[in-house]
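J.: How does the following fold in three dimensions:
(2 chains)
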Protein chains: 2
Amino acid sequence: MSLMRKPIPVKEAVQLVMNHTQIGSSEKVPLDQAYGRVLKEPIIAKHDVPPFDRSPYDGFAIRAEDSKGASGENRIHFQVIDEIGAGHLAKRGIEKGEAVRIMTGAPIPENADAVVMLEQTIEQEDTFSLRKPFDTGENIAVQGEDAKEGKVLIEAGALIHPGTIALLATFGYAEVEVAKKPVVGILATGTELLQVHEELTPGKIRNSNGPMIAAQLSRMDIEYKSYGLLGDNLDACMEMVEKALAETDVLITTGGVSVGDYDYLPVIYEKLGAEVLFNKVAMRPGSVTTVATLGSHLLFGLSGNPSACFTGFELFTRPALLKMMGGTKPYLPRMKATLGEDFPKPNPFLRFVRAVWEMTEEGPVATPAGFNKSAAVSSIARGNCIIVLPNGTRGYTKGMEVDVLLLGVEEGVAKWEL
Amino acid sequence: MSLMRKPIPVKEAVQLVMNHTQIGSSEKVPLDQAYGRVLKEPIIAKHDVPPFDRSPYDGFAIRAEDSKGASGENRIHFQVIDEIGAGHLAKRGIEKGEAVRIMTGAPIPENADAVVMLEQTIEQEDTFSLRKPFDTGENIAVQGEDAKEGKVLIEAGALIHPGTIALLATFGYAEVEVAKKPVVGILATGTELLQVHEELTPGKIRNSNGPMIAAQLSRMDIEYKSYGLLGDNLDACMEMVEKALAETDVLITTGGVSVGDYDYLPVIYEKLGAEVLFNKVAMRPGSVTTVATLGSHLLFGLSGNPSACFTGFELFTRPALLKMMGGTKPYLPRMKATLGEDFPKPNPFLRFVRAVWEMTEEGPVATPAGFNKSAAVSSIARGNCIIVLPNGTRGYTKGMEVDVLLLGVEEGVAKWEL
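T.: Next comes the predicted model:
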């Protein structure tokens, strides 16, 4: 029976999850609550940026042609007829030999077509002189040079980061259309589990997976409902799963997906009539990771082992949640690094090793974060990346090049490549 | 006068800010609110992990010596006397020839010293047989193998990420000592500024810096008080700055730090008696970035130009805020990338170019995110990194190696190296 589970490759498992993930709806939020959300409308330039020709410096706006022939021996003098700060308009356009003293960001007065920086002049009351000619357009920030009205600047599906907020503010988006966040439930299973505040007793450990997944969701700015923890009791688990499914879009359970006598999740999936996408993945840790769908619900049956649970979330749950929000870059960014120490274990399956990467003179070096069994918890608390070692390899030694997935990075990538 | 400002190197400016930044106090928060905070106490293993010898698999616990001599021809039989799931204890220890059926995570019964995986046995009612001998300790997750009681696992000053939460939960930290967050004020200055919801009028632009900085703070999970926007009016600005200083630890202003006639921040710093650490930095964009201190307050006078403002925050304000919280990795992570397109501009000063990095077959490639003047806003909305081009260089061409600072990354680095 379940001992006969056939492991599928990680790539295939990721694809299966994504193929069964449906994109949700959107809502409007005020701009000051939009950071970290997924944009559901493209940002189209509502006007040119800058919206008018303006001065990029403090100086004088002149007609370039009036500066023709200026030199050290032949300084040309200008009459200053006005002074404008940013946000103000000149009272009138300039004529031959006239200039307007102009501050950074102020609109270029009519007829002016060059700006002389203060440092390039000798001022004297309401005149100044120049020692070099200026070209038409010199030192002018031209209307639309940054962005032309009507241009699509950011596509829907992008994560809203601080720069996106600046752009939205520029175009007057007091509200912005973003993806509704899925509602996610967390349920930890296992008779060995105690709550965080409980004293250890023989044979028991505290539930670390539940709080960890809650933080993995917080990192994505996704709220969660906690369904606490349950012992390995089929009826109680079944009841809680049904309650959770009624209240959430996505249910994450930890534990109970192995092939032990008390691993009830497979039975629960069957009773619910859920479609199990896979229940064994060719990976370490986390080979028992199970994903199922039920209507539009996604059910992630993550391993009860902390390292496996962590990895399962980052590989499968995170991209699915981002896709539900229409995110177009749902996967962890990848880079190459040099292995910082020997890793002699063979890798019958694709292996994910929690690690620390840091920049060195020789480029990025990634070093395993310590004890690396699937039940490990201390190594998850260190490290900022995951080293990925291909299946069928063995005997990695210090200095070899490895793939690394970056953790805790705001913007992901569009493609899963491992 | 102010035209004569002497630019200081970025490295020196960063150092000055950090030297004048004081570490703040701490507070206890519940574990479920601890994600993203800075840890103010070390995490010390309160007990061994795992806290007892346990089975890493579903199988049978035996005495290894009883398996001696087992082979295909000489299968050795065991009597199953008990069955325990995780969280349960065996009723008694095993004796010669006995075994306990044991599930993943369950404690090893007394006298047992090896675990046989289910797959390695032939079961028959309450007996099973083996075809190979087992070593003492085989398939046992030994007490303390992950972490030994008393060991410092994470130092104070670390950012609390999901893995840290798992570790805190393991040791029963229902509450954790974290840094108090500084209170930050944001005040945008400039007569040209409109609020986000206002219609554009000639000579005006909307305030994008204020919302952008708010999002840069949100990204750090730091709350802010917004003091709105003010025209270039000395008295009004002075009054608002004084109000803000009374209510905040750190005040970020945008605009008003240049040498224009309406740039009042230098005057305000003087009137307040603030110590100006620098008012010109040898960098593009953001050369007018000004930082001052007043008592324990930090005042960041960022440029009114969006790109410059963004960069000034990431280079100076972010590390200072992290240091205030006792964070030990306050700087943006750096890596090397190949330049994705020509950048022919000369770099009289250290130049920061907003860019997009992505992984390719040839390693990371970073490409400027478009229009790159200091007033640019569209390029800030694209991109996930900043290319750093050293001062005194010119003529970067596609394919050259450049330094890159990563944006939006949870964990920074301990050292500023550019």
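J.: only C-alpha atoms for contact and neighbour calcs from this point on.
T.: Fine.
J.: Tell me the buried residues in the one helix or strand A:Glu239 maps to?
T.: If you go by DSSP states H and E, A:Glu239 is part of helix A:234-247. Neighbour-count burial for helix A:234-247, with 16 or more other CA atoms under 10 Å in any protein chain shown as criterion, is recorded at A:234, A:237-238, A:240-241, A:244-245.
J.: right, is stretch A:347-366 up against chain B?
T.: Yes. Counting by CA under 8 Å from any CA of the partner chain, chain B is contacted by stretch A:347-366 at A:359, A:363-364.
J.: CA atoms only for the following helix or strand past the helix holding A:Glu239, dumped as PDB, please.
T.: Downstream of helix A:234-247, the first helix or strand assigned by DSSP H and E is strand A:250-254. Below are the C-alpha coordinates for strand A:250-254, written out as PDB (Å, rounded to 0.1, in the frame of the first residue of the first chain):
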ATOM      1  CA  VAL A 250      -5.300  26.900   1.800                       C
ATOM      2  CA  LEU A 251      -4.700  24.500   4.600                       C
ATOM      3  CA  ILE A 252      -1.200  23.600   5.800                       C
ATOM      4  CA  THR A 253      -0.800  20.600   8.000                       C
ATOM      5  CA  THR A 254       2.400  19.400   9.500                       C
END
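J.: Paired strands for strand A:250-254, with orientation please.
T.: Here strand A:250-254 is paired, per DSSP bridges, with strand A:184-189 (parallel), strand A:297-302 (parallel).
J.: any chance of the ones you listed in JSON lines, plus mean pLDDT?
T.: Output for the strands paired with strand A:250-254, formatted as JSON lines (pLDDT from 0 to 100):
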{"stretch": "strand A:184-189", "mean pLDDT": "97"}
{"stretch": "strand A:297-302", "mean pLDDT": "98"}
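J.: As CSV, those with mean neighbour count would be great.
T.: Shown next, in CSV, are the strands paired with strand A:250-254 (neighbours: other CA atoms under 10 Å in any protein chain shown):
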stretch, mean neighbour count
strand A:184-189, 25
strand A:297-302, 26
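J.: Nearest approach to B:Ser26 belongs to which of these?
T.: Smallest distance to B:Ser26 across the strands paired with strand A:250-254 (CA to CA): 29.9 Å, for strand A:184-189.
J.: the inter-axis angle of that closest one versus helix A:234-247?
T.: In terms of direction (axes from the mean of the first three to the mean of the last three CA atoms, to 10 degrees), strand A:184-189 departs from helix A:234-247 by 170 degrees.
J.: CA atoms only for strand A:184-189, dumped as CSV, please.
T.: What follows is strand A:184-189, C-alpha atoms only, in CSV (Å, rounded to 0.1, in the frame of the first residue of the first chain):
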residue,chain,number,x,y,z
VAL,A,184,-4.3,30.2,5.1
GLY,A,185,-4.9,27.7,8.0
ILE,A,186,-2.1,26.0,10.0
LEU,A,187,-2.7,22.7,11.8
ALA,A,188,0.1,20.8,13.5
THR,A,189,-0.4,17.1,14.1
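J.: Could you point out the helix or strand that follows it?
T.: Moving toward the C-terminus from strand A:184-189, the next element (DSSP H and E) is strand A:193-194.
J.: returning to what we had before: taking the buried residues of helix A:234-247, tell me the two that lie furthest apart.
T.: Those two in those that are separated most widely, counting by CA to CA, are A:Leu234 and A:Leu245, at 16.2 Å.
J.: so where do the strands sit in the stretch 151-300 of chain A?
T.: A:152-154, A:175-179, A:184-189, A:193-194, A:205-206, A:224-230, A:250-254, A:275-278, A:283-284, A:290-294, A:297-302 (DSSP state E, counting those that start in this stretch).
J.: nearest to A:Ile76, of the ones you listed?
T.: So among those, strand A:152-154 is nearest, using CA to CA, at 43.4 Å.
J.: returning to what we had before: columns distance to B:Thr121 and pLDDT on top of the buried residues of helix A:234-247, output as a markdown table?
T.: Listed next are the buried residues of helix A:234-247 as a markdown table, based on distance: CA to CA, whole Å; pLDDT from 0 to 100:
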| residue | distance to B:Thr121 | pLDDT |
| --- | --- | --- |
| A:Leu234 | 27 | 91 |
| A:Cys237 | 30 | 92 |
| A:Met238 | 31 | 94 |
| A:Met240 | 35 | 96 |
| A:Val241 | 34 | 96 |
| A:Ala244 | 38 | 97 |
| A:Leu245 | 39 | 97 |
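J.: which among those residues gets closest to A:Glu145?
T.: For the buried residues of helix A:234-247, the minimum distance to A:Glu145 (CA to CA) is 51.5 Å, reached by A:Leu245.
J.: Double-check that closest one against A:Leu251; I have them as touching.
T.: Yes. The pair A:Leu245 / A:Leu251 is scored as a contact, 6.8 Å apart, by CA atoms under 8 Å.
J.: between these two, what contacts are shared?
T.: Here A:Leu245 and A:Leu251 have A:His297 as joint contacts, going by CA atoms under 8 Å, 6 or more residues apart in numbering or on different chains.
J.: mind listing what whichever residue of the stretch 251-400 of chain A sits closest to chain B touches?
T.: Chain B sits closest to A:Ala381 of the stretch 251-400 of chain A, with a gap of 4.0 Å, by CA to the nearest CA. Going by CA under 8 Å, 6+ apart, A:Ala381 touches B:154, B:161-167.
J.: For B:Asn139, see how far away the residue of the stretch 101-250 of chain A found nearest chain B is.
T.: Relative to chain B, the nearest point of the stretch 101-250 of chain A is A:Glu192 (3.3 Å; CA to the nearest CA). Taken as CA to CA, to the nearest Å, the spacing of A:Glu192 relative to B:Asn139 amounts to 19 Å.
J.: Identify the residues contacting the closest residue to A:Gly172 other than its chain neighbours.
T.: The shortest distance from A:Gly172 to any non-neighbouring residue, by CA to CA, 6 or more residues apart in numbering or on different chains, is to B:Val196 (4.7 Å). Residues in contact with B:Val196 (CA under 8 Å, 6+ apart) are A:169-174, B:206-208.
J.: again, only this time at 6 Å
T.: A:169, A:172, A:174, B:206 (CA atoms under 6 Å, 6 or more residues apart in numbering or on different chains).
J.: per-residue confidence for the closest residue to A:Leu321 other than its chain neighbours?
T.: Nearest residue to A:Leu321, sequence neighbours excluded (CA to CA, 6+ apart): A:Pro182, at 7.1 Å. Looking at A:Pro182, its pLDDT is 97.
J.: Then A:Gly260?
T.: The predicted local confidence for A:Gly260 is 74.
J.: roughly how far apart are it and B:Arg37?
T.: 38 Å.
J.: who has more neighbours, these two?
T.: B:Arg37 (25 against 19; other CA atoms under 10 Å in any protein chain shown).
J.: Just give the nearest non-adjacent residue to A:Tyr264, would you?
T.: Counting by CA to CA, 6+ apart, A:Tyr264 lies nearest to A:Gly256, which is 5.5 Å off, once chain neighbours are set aside.
J.: Actually, A:Ser218.
T.: B:Tyr35 (7.3 Å).
J.: now do A:Ile380
T.: Nearest one to A:Ile380, counting by CA to CA, 6+ apart, is B:Gly163 at 4.6 Å.
J.: How many neighbouring residues does that neighbour have?
T.: Considering only other CA under 10 Å, B:Gly163 is surrounded by 28 other residues.
J.: where's it relative to A:Ala381, distance?
T.: 4 Å.
J.: Beyond the host helix or strand of A:Phe60, next helix or strand please.
T.: Using DSSP H and E, A:Phe60 sits within strand A:59-62. Next helix or strand after strand A:59-62 toward the C-terminus (DSSP H and E): strand A:76-84.
J.: strands paired with that following strand, and their directions?
T.: Here, using DSSP bridges, strand A:76-84 pairs with strand A:98-102 (parallel), strand A:127-130 (antiparallel).
J.: Please identify the most buried of those.
T.: By mean neighbour count, with neighbours taken as mean count of other CA atoms under 10 Å in any protein chain shown, strand A:98-102 ranks first of those at a mean of 26.
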